[in-house]
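A.B. asks: Okay, here's the prediction I keep looking at, along with the sequence it came from:
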Amino acid sequence: MTRAIAELGVATAPPETADAAALARCTRDHWAIEAQHFVRDATFDEDACRARIGSLPRALATFRSLAHLAGWTDNAAAQGHYRNHPADALRELGLAG
């Protein structure tokens, strides 16, 4: 059985700068970011977050990334820990000894 898969996309860059290799690289980079988002959403339910004002969404995303990198699987537990032990968060970020 022969099988073929085609993916279509639209690029606004001219063909001289958007050759097949460049478009493939952009696609891989995009899905690498999406894969990280999927992990964070599955672990911390990031899509359900209702923060929309000012720098709060970015601050919360940074916190969730920190918690994920530190191995937390429960957002509430991570928040409670870092709220009570802020020096641990600074240490995790490499900002304290």
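C.D. replies: Okay, I see it.
A.B. asks: Report the separation between Ala21 and Glu34.
C.D. replies: Computed as CB to CB, to the nearest Å, the Ala21 to Glu34 distance reads 20 Å. Backbone N, C-alpha and C define where each C-beta goes, glycine included.
A.B. asks: scratch that, Leu69 is what I was asking about
C.D. replies: 18 Å.
A.B. asks: Which residues belonging to stretch 87-97 are considered buried?
C.D. replies: Residues of stretch 87-97 classed as buried: Ala89 (neighbour count, 16 or more other CB atoms under 10 Å).
A.B. asks: got the end-to-end distance for that stretch?
C.D. replies: One end of stretch 87-97 to the other measures 9 Å (CA to CA, to the nearest Å).
A.B. asks: How about stretch 16-24?
C.D. replies: End to end - CA to CA - stretch 16-24 spans 15 Å.
A.B. asks: what does it rub up against?
C.D. replies: Gly9, Ala11, Ala13 (CB atoms under 8 Å, 6 or more residues apart in numbering).
A.B. asks: residues near the closest residue to the second one other than its chain neighbours, how many?
C.D. replies: Counting by CB to CB, 6 or more residues apart in numbering, the nearest residue to Ala11 once its immediate chain neighbours are dropped is Ala18, at 4.9 Å. One way to gauge burial is a neighbour count; for Ala18, by other CB atoms under 10 Å, it gives 13.
A.B. asks: Roughly how far does Ala18 sit from Thr27?
C.D. replies: Using CB to CB, Ala18 is found at 11 Å from Thr27.
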